[in-house]
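S.K.: Sharing a sequence plus its predicted fold:
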Amino acid sequence: MKRYPVRAVLDTNVLVSALLFAGGRLGWLRPCWQSGQLVPVLAEPTARELLRVLAYRKFRLNPQDRERLLEDLLPWSESWSGPIPASRHRVRDPHDQVFLDLALAAATPVLVSGDADLLALQNTVKPLLILSPGDFQTWLGKSA
């Protein structure tokens, strides 16, 4: 039985999908954090990356749109302000390393990503679970 709330690091693509596409395959995440079952853990470098991606021209979001999206996330998130030491576990794509390092530094039980470079480390970074969004949904016991 899971103890709620579950603290988890969600990579940028997972957060963007949950925020931008409420009716999409990751739309279930937003009500999950807003109901207190999930606490997304962010740190300055991961929040900065989220802001950078939300500003992509392809999303056509003006500053007010981006602010509204952040208002749907930040009040339910935990801001990790402690150190984020480099892990001995290396991610193939160095841009993804911060998510693994944050999950380990903040001692979250789960890192959620659809990125192959992070998922390649599944079952190698104990006790951290590195799960795809679908596997995370199953692990939480949520129906699709």
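M.R.: Okay, I see it. Numbers count the residues shown, from 1 in each chain.
S.K.: What pLDDT is listed against the closest residue to Leu29 other than its chain neighbours?
M.R.: Take Leu29 and drop its neighbours on the chain: the residue closest to it by C-beta to C-beta, 6 or more residues apart in numbering is Ala18, 3.9 Å away. All C-beta spots, glycine's among them, are computed from the backbone N, C-alpha and C. Note for Ala18: predicted pLDDT of 98.
S.K.: Please apply the same query to Met1.
M.R.: 47.
S.K.: and Gly141, how many neighbours does it have?
M.R.: Around Gly141 there are 9 other residues, counting by other C-beta atoms under 10 Å.
S.K.: quick one, what contacts the residue nearest to Leu29?
M.R.: Listed by C-beta atoms under 8 Å, 6 or more residues apart in numbering, the contact partners of Ala18 are Leu10, Leu26, Gly27, Leu29, Arg30.
S.K.: Helix or strand for it, just tell me which one.
M.R.: Element membership for Ala18 (DSSP states H and E) is helix 12-20.
S.K.: Show the subsequent helix or strand relative to that helix.
M.R.: Using DSSP H and E, the helix or strand that follows helix 12-20 in sequence is helix 29-34.
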